[in-house]
Every structure is written in structure tokens, then in C-alpha cells.
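J.: Pasting the sequence and the predicted coordinates here, then a few questions.
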Amino acid sequence: MTTTQAAPPPPPSDMPDVTDTGTIIGSIKLQHQPLEPASPILVTEDGNDTTMMQIDTNSNNNNAAAAVEEDEEEEDALQTIEKLRSDDLSSRVEAARKLPSIALALGPERTRDELLPFLSDGIDDEDEVLEAIAVSLGGLVPHVGGADYASSLLTPLELLLAVEESVVREKAAASVIAISQSLSAADYTHEFVGMIGRLANKEWFTARISACTLIAHAFPKMGPELRRTHLEYFAKLCKDDVPMVRRIASKNLGTLFYTVVDTLGAAVFFDKSNANYSLTLLDLYELLAGGDQPDSVRLHTTENCVCFGRAMALMLGQSSSSSSSLEKEEIMSRIDALVKRILPLIAATIDDRSWRVRWTAASKFADVVHAFKTLHGAMDALVPNYEKLLQDPEAEVRTAATYNLSEVAKTKAMVYPAGWSGAGSDSDNGMDIDDDDETKNTHRIPVAQRLVTRLVGLTEDDSVNVRAALAMVATELAPLLGKDASVSNLLPPMLLLLRDSSSEVRLNIISSLSLLNDVIGTDLLHQSLLPAILDLADDGKWRIRLAVIERIPLLAKQLGSDFFDDRLLGLCVGWLGDDISSIREAAAKNLQELTALLGTDWSVQNLFPRVRQVMEHPSYLRRMNAVQATALMATAMDVNSAQVEVLPILMEMHYDPVPNVRFNVAKGLGIVGTVFDRSVYQGQIVPILTLMENDPDRDVRYFASKTKESLSVAFEKST
């Protein structure tokens with residue numbers, strides 16, 4: 001039999017196999033050369049026939065400590081690298097979040113040559129891991145060698161920008177934008193802008209979606225030729241066959257238009273090489289706002305309108321500083337032409353067949369108005385369209401529009417009254433914005449004055465949500481209207497809301513009365529406000545009652561002590577006996593806040609006698625709540641009044657037959673004890689607590705001892 005001897009294994013190679021990135025990362029060995037022990041440093045000093053030898057070991061100790069710390073960092077990096085290759089998802093996510101520490105341990109060169117290729121090969125991982133990698137890559141610029149090598153990070157990020165999960169793409173886009181700020185001009189053009197061009201022409205639609213987002217960010221630093229090229233890319237994306245690509249393109253269209261105007265300024269109109277930008281983007285806006293587009297695309301029409309309005313306002317501001325009057329007139333003429341093309345698109349969203357599109361317009365209409373308020377004639381077109389939203393067939397749309405009522409009115413623009421024939425034959429649909437006749441300006445009124453006439457109709461709306469929204473914002477019109485207009489036009493619908501059948505509506509109007517009260521005073525509100533509060537106080541929903549209690553101090557601050565009559569005072573104290581514990585606790589805090597707001601004398605005269613009556617109630621729950629309220633009220637009083645009026649009554653309650661009341665007396669003494677000086681504490685409070693420490697009930701004994709101990713500590717600290 002012939003014996004064949006096996007060949008000896010090959011000697012281990014010092015370099016890993018560069019054909020397998022996973023092997024590279026798996027074989028990373030971060031070696032630290034151990035320090036050789038150094039000989040002591042001998043310092044010989046001659047003097048007085050004495051030779052001194054000084055051994056300095058501080059340097060060795062510092063080097064050893066640094067070596068230990070470095071070894072620990074390397075060990076952590078190795079463990080993190082292993083986690084990247086783990087089968088456990090949470091471990092890979094954790095490792096992906098620690099990429100900067102891995103890169104720090106590897107060094108810039110190995111990070112570029114080994115770590116980044118490894119990450120590029122792992123793009124098929126779970127979305128949570130990819131998201132963490134996308135975020136971490138944005139912070140690796142210092143770890144790849146600085147700005148000179150920052151472009152190397154774009155390779156794995158370009159792959160992440162094409163994955164299916166939108167969250168991963170968004171994080172990758174944010175990292176790419178952050179990295180682009182560190183790139184040199186050459187790398188920015190060739191690497192970053194070149195990557196955007198590749199993404200825009202990828203076959204898979206997710207890459208094209210990312211390109212829609214990045215073009216607007218890259219535009220300012222592009223050269224003229226690249227700008228035209230990428231504008232063509234963007235136009236192609238706006239016409240993409242995939243609706244999701246068109247949706248993201250529509251979402252970024254307004255941002256791109258504003259960026260173009262901000263970058264080029266008046267050159268958008270006068271530079272022949274740039275003259276097609278504004279018209280091209282406006283054509284795309286009309287295309288994406290068309291009725292043949294899906295709802296998801298048309299949803300962004302209003303947001304784009306806001307950006308277009310801000311861009312035109314920016315151009316208007318730039319034209320005011322123009323040195324040439326002819327150039328200024330030309331810019332104004334071009335802006336007016338753009339406004340006339342854009343406003344019909346807004347009018348189309350108001351009448352859109354999809355309620356979601358109309359809801360988006362209603363919820364963002366205040367932004368639209370503020371963007372266009374400085375542009376000639378725009379408000380005469382926008383306000384009538386806003387009034388249409390207030391009358392929309394869908395309650396959700398009317399509610400969103402109502403929430404914007406005060407913000408639209410705050411533009412302080414002047415418009416024609418509703419139905420004004422002098423503004424043109426079709427003024428209320430927003431199509432005629434010519435207003436060159438100066439005699440027409442005398443008939444203009446503030447937006448708030450026109451909108452206030454719509455309030456009565458909204459108070460009768462079938463939807464509770466619409467009326468509740470109106471109750472929250474309508475009083476903000478008062479400062480804009482002034483006292484006389486508020487009394488004649490705003491007060492009547494507000495009084496109707498105070499008598500609304502819905503408790504939520506009444507509660508909202510009570511919560512927002514401060515502005516109206518500041519303008520017209522309390523006399524006109526008092527008669528209607530008090531019945532509304534009394535009705536809400538007995539509401540079957542305990543949360544409504546709680547909300548009323550929480551708003552009583554606000555009313556006290558706004559309306560003063562004269563507002564509180566016997567019925568309202570009885571109501572504030574009566575809440576101490578509510579069936580819901582949260583109501584009873586809130587009632588006690590409410591009495592404390594009223595005492596702080598309206599003063600000790602008012603509280604002693606009006607509140608405390610009523611609370612004292614509750615202390616004699618047959619129900620121990622009411623007596624217990626009265627004890628809690630009394631203690632809280634004492635903290636808001638001056639010391640003398642609290643000592644004379646409150647403390648004796650509180651201490652008297654320790655004779656109550658129910659232990660629950662007695663241990664609440666002990667807790668109450670702990671609350672008020674620090675208000676008084678040491679003589680009151682030792683002469684009155686300590687004897688009562690000592691007596692209660694011998695109470696038959698163990699809970700009473702416990703709280704008495706705890707209070708006595710806490711007060712003792714507090715007074716010791718004060719000395």
C-alpha cells in the first residue's frame with residue numbers, strides 16, 4: 001500500500017484576499033505594538049558633595065494608559081465589525097450606527113478601500129440596517145481623509161438612493177446633500193452632479209425619484225450647460241410614465257423654481273441663456289396641475305403655488321433695487337403675466353373633483369395668501385376662492401378652511417367687497433385682476449372686514465367640527481376689525497356660538513374670548529358668557545367639565561373678580577363634590593389659582609366661607625376634598641391671613657371620625673407648614689402632628705410621622 005503524504009498548508013498571507021470584501025472585513029486585525037519597558041531615567045545632580053538620582057516613571061505610565069485605551073477602542077471596533085456580519089438584525093443595526101467608530105479604528109485608507117466596498121456589497125440587507133448605514137455615511141467625511149476623498153462616500157449612497165424603501169432613500173438623500181457641501185468644485189461637478197444625472201436616467205423608478213429631490217439642491221452650483229441639461233432631466237421626470245415619479249417631481253417643482261429665481265435673479269427674464277427657465281417650469285406646473293393627473297400629483301399644486309408666489313415676491317423685491325426704470329417695468333410686467341397664469345390653477349384646485357386636493361388647498365391657503373399678498377391684484381383673486389372653500393360640500397374641507405380664517409385675515413390686504421361690480425365683470429372668481437383705475441381703490445376694504453360677513457353662515461353649519469373650528473379662531477378678528485366693527489359684525493355670531501348645542505363649541509369660544517374682551521370689554525359678554533359656563537359645568541362628559549374648570553382661572557384673569565357672582569362661586573366650590581376624582585382634584589387647584597389671581601382678601605371673603613361649609617358635609621369625600629383645597633389655598637394667601645383664617649380650621653379637622661380625612665389633614669399640614677415661621681411650626685403644627693402619631697389608624701400615624709419628619713428637615717435647612 002502506497003502512502004501519500006498530504007501537502008503542507010500554504011503559509012499564512014499577511015494581506016487578505018482583495019477579491020472578497022466580506023473576507024477583508026472579517027479578517028481585519030487591528031494590532032497594537034506593545035510598549036517595551038523603558039529603563040528608569042537617571043538624573044544626576046552634583047551639589048554639596050551629594051549626588052541625587054531621580055527616577056521618572058510618569059512617561060511610562062502615560063504611555064501604558066494610552067496603550068490600554070487604544071486596545072479597548074480596537075477591541076470595540078472588532079466587535080462592531082463582527083456585528084455587521086451577524087445574523088441578528090438588531091446587532092447589524094447597532095453596528096451600522098457605529099460606522100464612524102469602525103472607520104476611526106481602520107483609518108482613512110482602509111475605510112475607503114475596505115469598509116466602503118463592503119457596505120456597497122451589503123445593499124440587499126434589511127431596510128432598518130440600510131437606513132442606519134445611510135445616516136452614518138453622512139458623518140464619515142472626516143474618517144475617509146477629509147474633503148479630498150469625500151466623493152468616495154457617494155458610491156454606496158448612490159446605491160441606497162435607488163432602493164425601494166422611501167425612508168432609506170430620504171436618509172441617503174440627506175447624507176448626500178450634507179457630503180456635497182464638503183466637495184471641491186471639480187468633485188461637485190463630476191461626482192455629485194454626475195451621480196444625479198445617472199439617477200435621473202436609471203431604468204428603475206426609485207432612482208429617478210431620488211433625482212427629483214437632488215436636482216433642486218444641486219442647481220445653484222451647476223454651470224450654465226449643466227443647469228440646462230438637468231432642467232431637461234427634471235422636465236422629463238415630470239412627464240415620467242410612473243405616477244410616483246411625477247408625484248415627487250411635483251413635490252419638488254416649487255422648490256426648484258424658487259431656487260432658480262434665488263440663484264439667477266432678474267436674469268431669469270433678461271438673460272437669453274436663462275430665459276426659458278421660468279417659462280419651462282411654469283409649463284411643467286400647468287402640466288402637473290392638470291385634471292388628467294392622479295390625485296397624488298395634484299395634491300402638490302397648492303404647495304407649489306406657495307413657492308411660486310414667494311419666488312415672484314423675491315423678484316419683486318429685486319426689481320425695487322433695479323437701477324433701470326425700464327428693466328423694473330419689464331420685471332413687473334413679467335411678474336403680472338406669471339401671476340395671471342398661476343391664479344387660475346389655484347382656482348382649479350378649489351373646484352377639483354377630489355376632496356383631498358381641495359382639503360390640501362384649504363389647509364394651506366393661509367400660506368398661499370401670505371406668499372401673494374404683495375403681488376398686484378392677487379388678493380382680489382384669492383379671497384373669493386377662499387370663500388368658496390368655506391362653502392365646500394365636504395365638511396372636512398370647510399373645517400380646514402375655517403382654521404385658516406384668522407391667518408387669511410391677518411394679511412391686512414385691501415380687497416373689493418363681495419359682489420362689487422366695479423372690479424370687473426368676473427371679479428369674484430378671481431380671473432380679472434386688473435385694477436388700474438384709482439377711483440376703485442376707495443371702495444376697497446380690509447380682508448377681515450370682508451370675511452367677517454361669512455361668520456353667521458358658519459355658525460349655522462351642519463358640522464360640529466366647522467363650528468368648533470370657528471369658535472377657536474373667530475375672536476382673532478377682533479383686533480383687526482376694531483371695537484365698532486367687532487360689536488356690530490363679530491359679537492352677534494360669537495353670542496350664537498356661546499348658545500351652541502355642542503359643548504365642544506361652547507368650550508372653544510369660552511377659551512378664546514380674551515382677544516374679543518380686550519377689544520369690546522366685558523359688559524357685552526357677561527350676560528351670555530355666564531349661562532354658557534353654567535351649562536358646561538353640568539355637562540355629562542367629565543372631560544368637558546374638567547376643561548371648564550381649567551379655564552376658570554383664565555377667565556378670572558381676563559374678566560376680573562366682578563365676573564364671579566354667587567352662582568359661579570357656588571359652582572367653583574361645588575366641583576369639590578363631583579363624582580369624578582380628577583374633577584375634584586382640579587377643583588382644589590382651581591381654588592388655589594383663584595386665590596393667587598384675585599387676592600387673599602377676596603378669597604377669605606368669598607371662597608373660604610363656602611369651603612368651610614363643605615367641611616361640615618355628611619360625605620367624608622367632600623370633607624376630605626375641602627381639606628385638600630384649604631391647604632392649597634393657604635399656600636396662595638399672605639402668611640398672616642393663612643395663620644388666622646386657615647390653619648385653625650385645618651387643624652380642627654384632625655378630630656374627624658374618618659381616618660381618610662385625618663391623614664389628609666396631616667398631608668395638608670405638610671403643604672402649609674413651610675409657609676409659616678419656626679414659632680408657628682413648633683407651637684401649633686408640631687403638637688397636632690405629635691397627637692396624630694398616636695392615632696388608632698396606622699395610615700394616619702404614617703402620614704403624621706412622614707409630615708413631621710419632612711417639615712423638620714425643611715426647617716433645619718432654612719437655618
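T.: Right, received. Where do you want to start?
J.: Just want the phi and psi numbers for Gly560.
T.: Per-residue torsions, Gly560: phi 80, psi 180 (degrees, to the nearest 10).
J.: Asp240 now?
T.: Dihedral angles (degrees, to the nearest 10) for Asp240: phi -60, psi 150.
J.: any idea how far it lies from Ala485?
T.: 52 Å (C-beta to C-beta, to the nearest Å). Every residue, glycine included, has its C-beta placed from N, CA and C.
J.: List the buried residues in stretch 668-675.
T.: 668-673, 675 (16 or more other C-beta atoms under 10 Å).
J.: do the same with stretch 241-261
T.: For stretch 241-261, by 16+ other C-beta under 10 Å, it's 244-261.
J.: try stretch 329-348
T.: Applying 16+ other C-beta under 10 Å to stretch 329-348 flags 330-332, 334-336, 338-340, 342-343, 345-348 as buried.
J.: Out of the buried residues of stretch 241-261, list just those in helices.
T.: When DSSP state H is applied, the buried residues of stretch 241-261 are split such that 244-261 fall in helices.
J.: Which one of the buried residues of stretch 329-348 is nearest to Val408?
T.: Nearest to Val408 out of the buried residues of stretch 329-348 is Ile346 (C-beta to C-beta; 13.4 Å).
J.: Run a quick check on Leu314 versus Leu264, I expect a contact.
T.: No: using C-beta atoms under 8 Å, Leu314 is not in contact with Leu264, being 11.1 Å away.
J.: what about the two, which has more around it?
T.: Leu264 (20 against 14; other C-beta atoms under 10 Å).
J.: Would you check how far apart that one and Arg227 are?
T.: Going from Leu264 to Arg227 by C-beta to C-beta gives 9 Å.
J.: Common neighbours of the two, please.
T.: With contacts taken as C-beta atoms under 8 Å, 6 or more residues apart in numbering, Leu264 and Arg227 have Tyr277 as neighbours in common.
J.: excluding its backbone neighbours, what's nearest Val168?
T.: Leu130 (4.6 Å; C-beta to C-beta, 6 or more residues apart in numbering).
J.: Contacts only, for the one you found.
T.: Neighbours of Leu130 in contact, by C-beta under 8 Å, 6+ apart: 123, 160, 163, 165, 168.
J.: Of those residues, which qualify as buried by neighbour count?
T.: Applying 16+ other C-beta under 10 Å to the contacts of Leu130 flags 160, 163, 165, 168 as buried.
J.: Only the buried residues of whichever strand or helix holds Gly570, if you could.
T.: Using DSSP states H and E, Gly570 maps to helix 566-574. Buried residues in helix 566-574, defined by neighbour count with 16+ other C-beta under 10 Å: 568, 571-573.
J.: and which of those residues is nearest His190?
T.: Nearest to His190 among these, with distances taken as C-beta to C-beta, is Cys572, at 73.9 Å.
J.: all helices of the stretch 251-400 of the chain, in order?
T.: 267-270, 276-288, 295-298, 301-320, 325-350, 355-363, 365-372, 378-389, 395-403 (DSSP state H, counting those that start in this stretch).
J.: Now render these as JSON lines, adding distance to Pro417.
T.: What follows is these, written out as JSON lines (distance: least, C-beta to C-beta, whole Å):
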{"stretch": "helix 267-270", "distance to Pro417": "35"}
{"stretch": "helix 276-288", "distance to Pro417": "31"}
{"stretch": "helix 295-298", "distance to Pro417": "32"}
{"stretch": "helix 301-320", "distance to Pro417": "24"}
{"stretch": "helix 325-350", "distance to Pro417": "20"}
{"stretch": "helix 355-363", "distance to Pro417": "23"}
{"stretch": "helix 365-372", "distance to Pro417": "18"}
{"stretch": "helix 378-389", "distance to Pro417": "10"}
{"stretch": "helix 395-403", "distance to Pro417": "20"}
